[in-house]
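Chemist: Would you be able to build a 3D model of this:
(chains A and B)
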Amino acid sequence: MKQLYYKVDKCLGCKSCEIACAVAHSLSGELFNTLQEEVLSLPRKKVLYYKDKNYPVSCRHCKEPKCVDACMAKALVYDKEKGMVLHDTERCVGCWMCVMVCPYAAIRPNLKTKIPLRCDRCNDKDNPACVEACPTGAIIWQEETGLRV
Amino acid sequence: MRQFVIIGNSAAGIAAVEGIRKKDRNSKIIVISDEDYLSYCRCLISYYLAGEVKEEKIFYRPESFYKDNNVELFLNKKVSRVEPKKNRLICEDKSIFGYDCLLIATGARPKFPDIPGIKKRGVFGFRTLKDAKEIAGVLALTKTACILGGGLIGLKAASALKKRNVEVKVVVKSKQVLSQMLDFEAANFVLRQLEKNGIEVIFGQDVSEIIGNGDIKAVKLESGKVFGCSLVIVGKGILPNIDLIKETEINTNEGICVDNLLNTNVSNIYAAGDCAQTLDVTTGTSSVNALWPIAVEEGRIAGRNMAGENISYDGSLGMNSLEVFGLPVVSLGIYKIKEDLASQFEELKFQDPKANIYKKLILKDNLLVGAILVGDIKNSGLFLKIIREKINVTSFKERLLKDNFGFPEIMDLVNARSKLYV
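Modeler: Next comes the predicted model:
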């Protein structure tokens, strides 16, 4: 299964990925209209700066996810085939247990909608929006096994 | 083929079934529950009472779970005692179950204060789906409710009732709400939020009597003051359900004592969840941390160890997340420092009352041991990791409460397998 990786030496911290992510998850899917929407679409990815480098942070879909264990509403399930934590927003009550236990602080509480936001790898699209938006190729979308460090 | 028996069908019991089945697909598993429902999300009963979660969404696993995992489930059956020497347990209805390996995951029950009228119709605990259904059943006739206790359960019940247009008064013995998870200042943020939403909180008082012939008419406070209400919900803490082993050689304290493998002092009996007492990683003492995520962790590890693995539990800690009419609140580990020990600890604080934000971190010898986060909880998981992994924060202490503090800053200090950057 494909995973998201980051070459931090290439990341300029331009945050194009954040914007692309918010737009991709908006109702309209288009920048200008996204900004007009009643509930502002928020990015599921954050670029953080640390010691001269930029680090995009988003859900890593851990194989032993703490958030799934902590979810008291059974809104989170780890799907082995997809290698992803799936979030059933219909069941989610916004208790923030998942936010409380995520060791990467990669789940973002959307206080307006009372729904936590996390990377869904743009679900069924071939390429996640952040990968397509990144101007320097710092975000890599590839099979786990093919990774060469 | 062995026979596993699990007493309890909630967070720890279900996690244990999954833990056992990871390794052992064939042995028999029997689950015994004194409740009448398939496993449900206990923490959602307040949402159910508020009308925000429908019954079909409250179940924790699909109905097929038991069949898929080859589990024989007995509902509405209470185990009255365990006989470790005979490897069997006896139920109230006199039925007997033998086991090769037993998990006690009996949870806890609400503590009821010993006051006149506490047994009257209309006085409820708030622990089970049955409680929630019974309370929901009397709401049509309820104008005012009184909640005993300002802890998590009391406040969740209060918020739910308010959402159902019931007037709510919360009676709290101490000087603050949530005294088991927040300091006084943080509690005041929560209090303001409750008051803004029409919930009245009375401090420094206990209810001394529940008045009424048959149905409840009023409650009387210690001060002598009386106010009318027809529903009382008790949220004065919980007691681990350990009566079933009281007369055995299994060691108990507040809860059932277990080692790092979740094993009791009897080698084929394990305990997990709200009835078990484990090492608290922030205080270093053995405590009952009766919390859903902890029960899941413990249940899973107990199950795997019952099936022959040898997995060590690194300990529990108090942690809770709560949402009060839109205000998010998280508490981790040590949240209040006793005055005589103040010199051993260091506090870092940030607050912005206008934005409803209050953040406090508690450190000891440059290790994070506790956190309170109100309004801005986004980094709570990072703090939890720093607490659990006992990461020395000296080099980035002043950055901890900054808005842009994040995982990259602790990346080099955590377990290597957490690194994913190339």
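Chemist: any idea which residue sits dead centre in the chain?
Modeler: Picked chain A for this. With distances taken as Cα atoms, centre = their mean, the residue of chain A nearest its centroid is A:Cys119 (2.1 Å).
Chemist: right idea, wrong chain: chain B
Modeler: The residue lying closest to the centre of chain B (Cα atoms, centre = their mean) is B:Leu291, at 3.0 Å.
Chemist: Might one say that that residue is in contact with B:Asn320?
Modeler: Yes - if you go by Cβ atoms under 8 Å, B:Leu291 and B:Asn320 touch, sitting 6.5 Å apart. C-beta: built from backbone N, CA, C; applies to glycine.
Chemist: Strands of chain A, residue ranges please.
Modeler: A:2-6, A:46-50, A:53-57, A:76-79, A:84-87, A:108-110, A:115-117, A:139-143 (DSSP state E).
Chemist: would you turn these into CSV with mean neighbour count?
Modeler: Formatted as CSV, those follow (neighbours: other Cβ atoms under 10 Å in any protein chain shown):
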stretch, mean neighbour count
strand A:2-6, 19
strand A:46-50, 19
strand A:53-57, 19
strand A:76-79, 16
strand A:84-87, 20
strand A:108-110, 20
strand A:115-117, 22
strand A:139-143, 16
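Chemist: So which of these is nearest B:Glu297?
Modeler: strand A:76-79 (15.0 Å; Cβ to Cβ).
Chemist: Just give the strands next to the closest one in its sheet, each with its orientation.
Modeler: strand A:84-87 (antiparallel) (DSSP bridges).
Chemist: For the strand it pairs with, what does the pLDDT average out to?
Modeler: Across strand A:84-87, pLDDT averages out at 96.
Chemist: just to revisit the earlier point, for the residue nearest to the centre of chain A, give its distance to A:Gly13.
Modeler: Counting by Cβ to Cβ, to the nearest Å, the gap from A:Cys119 to A:Gly13 is 18 Å.
Chemist: what's the answer for B:Leu191, then?
Modeler: For B:Leu191 relative to A:Gly13 (Cβ to Cβ), the value is 41 Å.
Chemist: Looking at those two, which is more packed in?
Modeler: B:Leu191 (22 against 14; other Cβ atoms under 10 Å in any protein chain shown).
Chemist: quick one: the helix or strand where the more buried one lies near chain A?
Modeler: Using DSSP states H and E, B:Leu191 maps to helix B:184-196. No - Helix B:184-196 does not reach chain A (Cβ under 8 Å from any Cβ of the partner chain); its nearest approach is 12.7 Å.
Chemist: can you give me the helices for the stretch 51-200 of chain B?
Modeler: Secondary structure of the stretch 51-200 of chain B (DSSP state H, counting those that start in this stretch): helices at B:65-68, B:129-138, B:152-163, B:184-196.
Chemist: what's A:His61 in contact with, if anything?
Modeler: Listed by Cβ atoms under 8 Å, 6 or more residues apart in numbering or on different chains, the contact partners of A:His61 are A:3, A:78, A:83-85, A:119, A:121.
Chemist: where's the closest residue to B:Pro353 other than its chain neighbours relative to A:Gly83, distance?
Modeler: Closest residue in space to B:Pro353, ignoring its immediate chain neighbours: B:Phe189 at 7.7 Å, by Cβ to Cβ, 6 or more residues apart in numbering or on different chains. From B:Phe189 over to A:Gly83 the distance is 40 Å, taken as Cβ to Cβ.
Chemist: Report the mean per-residue pLDDT for the longest helix seen in chain A.
Modeler: In chain A, taking DSSP state H as the definition, the longest helix is helix A:16-24. In this model, helix A:16-24 has an average pLDDT of 97.
Chemist: Kindly report the same for stretch B:337-346.
Modeler: Regarding stretch B:337-346, the rounded mean pLDDT is 91.
Chemist: Over to stretch B:119-135?
Modeler: Stretch B:119-135 shows a mean pLDDT of 97.
Chemist: Is chain A within reach of it?
Modeler: No - counting by Cβ under 8 Å from any Cβ, no contacts exist between stretch B:119-135 and chain A, the nearest distance being 13.6 Å.
Chemist: next one: that stretch to chain centre, how far?
Modeler: Mean-position distance between stretch B:119-135 and its chain equals 18 Å (Cα atoms, centre = their mean, to the nearest Å).
Chemist: Grab the CA positions of stretch B:229-236 and hand them over as PDB.
Modeler: Only the C-alpha atoms of stretch B:229-236 are listed here, as PDB (Å, rounded to 0.1, in the frame of the first residue of the first chain):
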ATOM      1  CA  CYS B 229     -36.600  18.500  42.100                       C
ATOM      2  CA  SER B 230     -38.000  15.200  40.900                       C
ATOM      3  CA  LEU B 231     -34.900  13.500  39.600                       C
ATOM      4  CA  VAL B 232     -31.500  12.900  41.400                       C
ATOM      5  CA  ILE B 233     -28.400  11.600  39.600                       C
ATOM      6  CA  VAL B 234     -25.500  10.600  41.800                       C
ATOM      7  CA  GLY B 235     -22.000  11.200  40.500                       C
ATOM      8  CA  LYS B 236     -19.900  10.800  43.600                       C
END
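Chemist: Adding distance to B:Ile362, write the helices of the stretch 51-200 of chain B out as JSON lines.
Modeler: Below are the helices of the stretch 51-200 of chain B laid out as JSON lines (distance: least, Cβ to Cβ, whole Å):
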{"stretch": "helix B:65-68", "distance to B:Ile362": "40"}
{"stretch": "helix B:129-138", "distance to B:Ile362": "34"}
{"stretch": "helix B:152-163", "distance to B:Ile362": "20"}
{"stretch": "helix B:184-196", "distance to B:Ile362": "12"}
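Chemist: Of those, which is nearest B:Val330?
Modeler: helix B:184-196 (10.0 Å).
Chemist: got the angle between the closest one and helix B:152-163?
Modeler: Interaxial angle of helix B:184-196 relative to helix B:152-163 (axes from the mean of the first three to the mean of the last three Cα atoms, to 10 degrees): 20 degrees.
Chemist: Please give me every residue in contact with the residue nearest to the centre of chain B.
Modeler: Listed by Cβ under 8 Å, 6+ apart, the contact set of B:Leu291 reads B:316, B:318-320.
Chemist: now B:Ala158
Modeler: Going by Cβ under 8 Å, 6+ apart, B:Ala158 touches B:145, B:147, B:168, B:170, B:194, B:199.
Chemist: Show me which of those is closest to chain A.
Modeler: Taking Cβ to the nearest Cβ as the measure, B:Leu194 is the one of the contacts of B:Ala158 closest to chain A, at 17.4 Å.
Chemist: Check the burial of that closest one by counting its neighbours.
Modeler: Neighbours of B:Leu194 (other Cβ under 10 Å): 22.
Chemist: Tell me how far it lies from B:Leu322.
Modeler: Distance, B:Leu194 to B:Leu322, by Cβ to Cβ: 12 Å.
Chemist: how about a markdown table for the strands of chain A, with distance to B:Leu368 added?
Modeler: Shown next, in a markdown table, are the strands of chain A (distance: least, Cβ to Cβ, whole Å):
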| stretch | distance to B:Leu368 |
| --- | --- |
| strand A:2-6 | 27 |
| strand A:46-50 | 18 |
| strand A:53-57 | 20 |
| strand A:76-79 | 26 |
| strand A:84-87 | 26 |
| strand A:108-110 | 21 |
| strand A:115-117 | 23 |
| strand A:139-143 | 31 |
